[in-house]
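sequence plus the predicted model coming up.
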Amino acid sequence: MGCDGANADSTSVGSESAKNPGSGSRNNDGTGNGADCRVARRSVGVGEAACVTSIGRRPAGGAGRYAPSPTGDLHCGNLRTAILAALWAAQDGADFMVRIDDLEGVRKDFDARQLHDLSLIGLTWNDNVMYQSRRRAQHRAAVEYLREKGLLFECYCSRKDIRDAVQAPHGLSGEQLYPGTCVNLSEFQRAKRRAELAEQGRRPALRLRPHVEQWTVHDQLFGDVTDTIDYCVIQRGDGLPAYNLAVVVDDDAQGVSQVVRGDDLLHSSPAQAYIAYELGISPVEYIHVPLVVNDRGQRLAKRDGAITLPQLAARGIDAHDVLVWIAYSIGVRLPKDLAAPVDSTRVVPIAGSAEHTVNDPGNDCGAGAHTDSIGSNSATTKGGNSKNMVTHGSSSNRDAHVSTGGACAGERELVEINQEVIDYMIAHWDRSSLSRQAVVFSADMRL
Ligand code: GLU
């Protein structure tokens, strides 16, 4: 797929070594084939260190992850995907990580709010929450590595130049590809274009010069997915890494071996998998799960109204109700005691937003509400106190860092009940029943 979008999307690979060899090799030199670490080292002759480190970092059972972009509150569809990712990991004996994909910055305090809601729904995670924005050095190192391999070229085009290109090719999924304007410029032409750009106060972007035309990944739900490997942006003109690079580098750093995410990202997987391959990073398993849609079949969006925990809380629907809905939506029948509604006073607010209704005036849940958002390098506490970190017992992720700081008694109870539900789901969910069918969410919470 085309991958110009700085914040495009995602991933997926399986055993590419069987699928990608020879598939549309651009330079016919035997590179770009296969996808495992061993093949990458032998045939490309690079990346040994990256490869070894990569394997060394992966925990024995691997890791799954959930990686929201902090652009708004998580809605029921996001929460469902997060839970599926956690269940998938737990059932495989893998760790479960959370990462905040904040390359573009954080809108308001949505990182804290998202982490809070993930905790509230009963999720726990291993290790510190990683923030992409704190990993510039690692992203730069990956860019340098690709540059040294001769896999990058400078691009002086603006978005408009690309949009207006008359003869832009199209990829297998129909999207417009990079027209190739800057691929084969001479050094003389480059120096000239660089100087012109500098006069406008701009710098060139760096694009990938792939060795292959296509790449195939295997998705557990969708099977083999092949797409065109475009001249993707790897580093933007403003110096930020492109999302397709960061996601690969950061998944590797978190030891991620399985990527469960919304199926809207399915077609970004081949490009990400190919970038991983060139970096000598072991392939991950991909599982793209169906989106939650509204009753008109459109993906959930702001205009749908009550779709986030705070919005639903204002209608008396708490995080437990949402979790029960999610359990049923993936085919888990909960026992009566776990499915029963929780006392409505336990609905949890987050302070500072009119959207967040305080249903329990007798407590200070909302005051200085915060989440202990623990960054990858250092612990950062946002706002208020850092008491009441909740850590729980039984399932595989229960030694995790949990971030429901500031929780009042009602909130803690709600979290504990939800964690029991999650444990039950881990034990009873039959993943083979997961279909590609989108799930409809309506505010009456009926399935
Ligand atoms: N941060 C991306 C998003 O929120 C998800 C990326 C991924 O899961 O790979 O859409």
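Happy to help now that I have it. Numbers count the residues shown, from 1 in each chain.

what parts of the stretch 251-400 of the chain come near the ligand?
With C-beta under 6 Å from any ligand atom as the criterion, the stretch 251-400 of the chain meets the ligand at residues 261, 265. No exception for glycine: its C-beta is placed from N, CA and C like everyone else's.

now do the helices in the stretch 251-400 of the chain.
269-279, 309-313, 319-329, 336-339 (DSSP state H, counting those that start in this stretch).

what's the most buried one of those?
Mean neighbour count (mean count of other C-beta atoms under 10 Å) peaks for helix 269-279 among the helices of the stretch 251-400 of the chain, with a mean of 28.

that older thread, mean pLDDT added to the helices of the stretch 251-400 of the chain, as CSV?
CSV is the format used below for the helices of the stretch 251-400 of the chain (pLDDT from 0 to 100):
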stretch, mean pLDDT
helix 269-279, 98
helix 309-313, 94
helix 319-329, 95
helix 336-339, 95
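
right, and the ligand sits closest to which residue of the stretch 251-400 of the chain?
Here the residue of the stretch 251-400 of the chain nearest the ligand is Arg261; by C-beta to the nearest ligand atom that distance is 3.6 Å.

residue contacts, the residue of the stretch 101-250 of the chain with the smallest separation from the ligand?
At 3.5 Å from the ligand, Asp101 is the closest residue in the stretch 101-250 of the chain, using C-beta to the nearest ligand atom. Remark: with contacts taken as C-beta atoms under 8 Å, 6 or more residues apart in numbering, Asp101 is in contact with 7, 67-70, 132, 243, 246-247.

could you identify the buried members of the residues you listed?
Those of the contacts of Asp101 that meet the buried threshold are 67-70, 132, 243, 246-247, by 16 or more other C-beta atoms under 10 Å.

what are the boundaries of the strands in the stretch 251-400 of the chain?
258-262, 285-289, 292-293 (DSSP state E, counting those that start in this stretch).

tell me, how many residues neighbour the residue of the stretch 251-400 of the chain closest to the ligand?
26 (other C-beta atoms under 10 Å).

does it really touch Asn78, like I thought?
No. With contact taken as C-beta atoms under 8 Å, Arg261 and Asn78 are classed as non-touching, separated by 10.1 Å.

which one is the spatially most central residue of the chain nearest to, not counting chain neighbours?
The residue lying closest to the centre of the chain (C-alpha atoms, centre = their mean) is Ala67, at 3.4 Å. On the basis of C-beta to C-beta, 6 or more residues apart in numbering, the spatially nearest residue to Ala67 that is not a chain neighbour turns out to be Arg99, at 4.3 Å.

go ahead and confirm the residue nearest to the centre of the chain touches Ala246.
No. Counting by C-beta under 8 Å, Ala67 stays clear of Ala246, with 10.0 Å between them.

thought Tyr286 was touching Val256?
No. With contact taken as C-beta under 8 Å, Tyr286 and Val256 are classed as non-touching, separated by 11.1 Å.

off-centre distance for stretch 78-88?
The gap between where stretch 78-88 is centred and where its chain is centred comes out at 11 Å by C-alpha atoms, centre = their mean, to the nearest Å.

where's Ile275 relative to Trp88, distance?
23 Å (C-beta to C-beta, to the nearest Å).

try Pro270
From Pro270 over to Trp88 (counting by C-beta to C-beta), the distance is 21 Å.

what sits against the residue nearest to His428 when sequence neighbours are not counted?
Distances taken as C-beta to C-beta, 6+ apart put Val332 closest to His428, at 5.5 Å, once the chain neighbours are dropped. The neighbours of Val332, taking C-beta under 8 Å, 6+ apart as the test, are 424-425, 428-429.

switch to 10 Å and redo it
Val332 sits next to 87, 324, 326, 338-339, 421, 424-430, 433 when contact means C-beta atoms under 10 Å, 6 or more residues apart in numbering.

of the residues you listed, grab the buried ones for PyMOL.
Selecting only the buried members of the contacts of Val332 in PyMOL, with burial defined as 16+ other C-beta under 10 Å, works like this:
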select buried, resi 87+324+326+338+339+421+424+425+426+429
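
for the contacts of Asp101, which one is nearest Gln235?
Gln235 lies nearest to Ala246 out of the contacts of Asp101, by C-beta to C-beta, at 10.2 Å.

wait, is the closest one part of a helix?
Yes. The assignment for Ala246 (DSSP: H, G, I helix; E, B strand; the rest coil) places it in a helix.

what residues are shared contacts of Arg261 and Asn78?
With C-beta under 10 Å, 6+ apart applied, the overlap between the contact sets of Arg261 and Asn78 consists of 66, 68.

look up phi and psi at Leu120.
For Leu120, the backbone dihedrals are phi -60, psi -30 (criterion: degrees, to the nearest 10).

about what we covered before: looking at Tyr286 and Val256, which is more packed in?
Under the neighbour definition other C-beta under 10 Å, Tyr286 and Val256 were set side by side, and Val256 has more, 29 against 26.

surely that one touches Gly62?
Yes. Using C-beta atoms under 10 Å, Val256 and Gly62 qualify as a contacting pair, with a distance of 7.6 Å.
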